[in-house]
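Q: could you work out the structure for the sequence below:
(chains A and B)
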Amino acid sequence: EPEVTQTPSHQVTQMGQEVILRCVPISNHLYFYWYRQILGQKVEFLVSFYNNEISEKSEIFDDQFSVERPDGSNFTLKIRSTKLEDSAMYFCASRVESGANEKLFFGSGTQLSVL
Amino acid sequence: KQEVTQIPAALSVPEGENLVLNCSFTDSAIYNLQWFRQDPGKGLTSLLLIQSSQREQTSGRLNASLDKSSGRSTLYIAASQPGDSATYLCAVKSRGSTLGRLYFGRGTQLTVWP
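A: Model (predicted):
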C-alpha cells in the first residue's frame, strides 16, 4: 500500500540552527500538510499546500517556517532558526483531490529535538 | 475556534470487551470527522471518516457514529483484542477551513490486556 515517507526519523539540533524536514507524499496526491505534536499535547495543524503555494497556515507557522515542493516528489518543511519550543514530532500528510474520500494519510513523523 | 475533546483520556480493559470512545466538538459546522489510530513512535492511521451528511460508518469491528447537531461522535470497538492497544484520536474538518485543516482531540489511550 502506498505510504507517506518522512526523513529523518529523528533530528537533533542546536538552538538557532536551521533544519529541513523531508517528506515524500503519496504519488497521486495533490494536497500536502504539515502537523506537529508536542509531547503530551494535541496534534496541531501548521500549514496546507496545494498547487505549489500555501493554502492555509496556523498562527504557529510564523516567518521562521517555510515549505517547499522543489520537485515532483518531495515536500519539505524548513525551520530557519530553531527554538527550544520547536521540539516536537512533525508529521507530513497528504490526500487526493477533495471529494467523498478525504482521508488524510500521515507519515511516521520526524522527532525534532532542539537543545 | 473549534475545540475537540475526547473522553476518557485512558482506558484499560480485558480482551473481548466492547468499548465506546467519545469525542465532542464545539462548532457543529463541520465537513467531516475522522477517527485515527496512533501507535507509539508511529504516524496516524485513518480508521473511519464520516461526512457531515452521514450518521455512521463501519469497518470490521469498528463503528463510528456522528451526531452533528449535538457535536458528538462515538467510536465503538467490538470484541476488543490486545492488538487494538493504541491511542485513538478524533479530528474534525470545520467548514471555515479552506483545504482540510483538521482539529484534533488529545486522544484516548487504550490498553487491552489478554
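Q: when you work out contacts or count neighbours from here on, use the C-alpha atoms and nothing else.
A: Noted.
Q: any regions of the chain where pLDDT drops low?
A: If you meant another chain, say so; for now it's chain A. Residue ranges of chain A with pLDDT under 70: A:98-101.
Q: my bad, chain B
A: If you take pLDDT under 70 as the line, chain B has these spans: B:97-99.
Q: residue 2: what secondary structure?
A: In the absence of a named chain, chain A is used. Secondary structure, DSSP: H, G, I helix; E, B strand; the rest coil: A:Pro2 is coil.
Q: and it, how far from chain B?
A: Noted for A:Pro2: a distance of 13 Å to chain B, by CA to the nearest CA, to the nearest Å.
Q: same question, A:Ile20
A: Distance from A:Ile20 to chain B, by CA to the nearest CA: 19 Å.
Q: could you point out which element follows the helix or strand harbouring that residue?
A: If you go by DSSP states H and E, A:Ile20 is part of strand A:19-24. Counting by DSSP H and E, the next helix or strand C-terminal to strand A:19-24 is strand A:31-37.
Q: now do the same for A:Gly72: helix, strand or coil?
A: coil.
Q: number of residues surrounding the residue of chain B found nearest chain A?
A: Residue nearest to chain A within chain B (CA to the nearest CA): B:Gly43, separated by 3.8 Å. B:Gly43: 22 surrounding residues under other CA atoms under 10 Å in any protein chain shown.
Q: doesn't A:Met89 make contact with it?
A: No. Contact criterion CA atoms under 8 Å: B:Gly43 and A:Met89 do not qualify, at 9.5 Å.
Q: find residues that contact each of those two.
A: A:Gly109 (CA atoms under 8 Å, 6 or more residues apart in numbering or on different chains).
Q: hang on, the earlier thing: which residues are contacting the strand holding A:Ile20?
A: By CA under 8 Å, 6+ apart, strand A:19-24 touches A:4-8, A:13, A:73-82, A:92, A:107, A:110.
Q: repeat for stretch B:66-82
A: B:14-30, B:33, B:35, B:50, B:52, B:54-56, B:61-65, B:111-114.
Q: and the residues you listed, which are buried?
A: Buried by 16 or more other CA atoms under 10 Å in any protein chain shown: B:15, B:19, B:21-25, B:27-30, B:33, B:35, B:50, B:52, B:56, B:62-65, B:111-112, out of these.
Q: residue in chain A nearest to chain B?
A: Counting by CA to the nearest CA, chain A gets nearest to chain B through A:Ser108 (3.8 Å).
Q: hmm, that residue is touching B:Pro40, no?
A: No. With contact defined as CA under 8 Å, A:Ser108 does not reach B:Pro40; the gap is 10.1 Å.
Q: can you tell me the SS state at A:Glu85?
A: Assignment for A:Glu85 (three-state DSSP): helix.
Q: who are the neighbours in contact with it?
A: Taking CA under 8 Å, 6+ apart as the test, what A:Glu85 contacts is A:Val114.
Q: A:Thr5 too?
A: A:Thr5 neighbours (CA under 8 Å, 6+ apart): A:Cys23, A:Val24, A:Pro25, A:Gly107, A:Ser108.
Q: one more: B:Ile50?
A: Counted by CA under 8 Å, 6+ apart, B:Ile50 has contacts B:Asn32, B:Leu33, B:Gln34, B:Glu56, B:Gln57, B:Ala64, B:Ser65, B:Leu66.
Q: what helix or strand is it located in?
A: Per DSSP H and E: strand B:44-51 holds B:Ile50.
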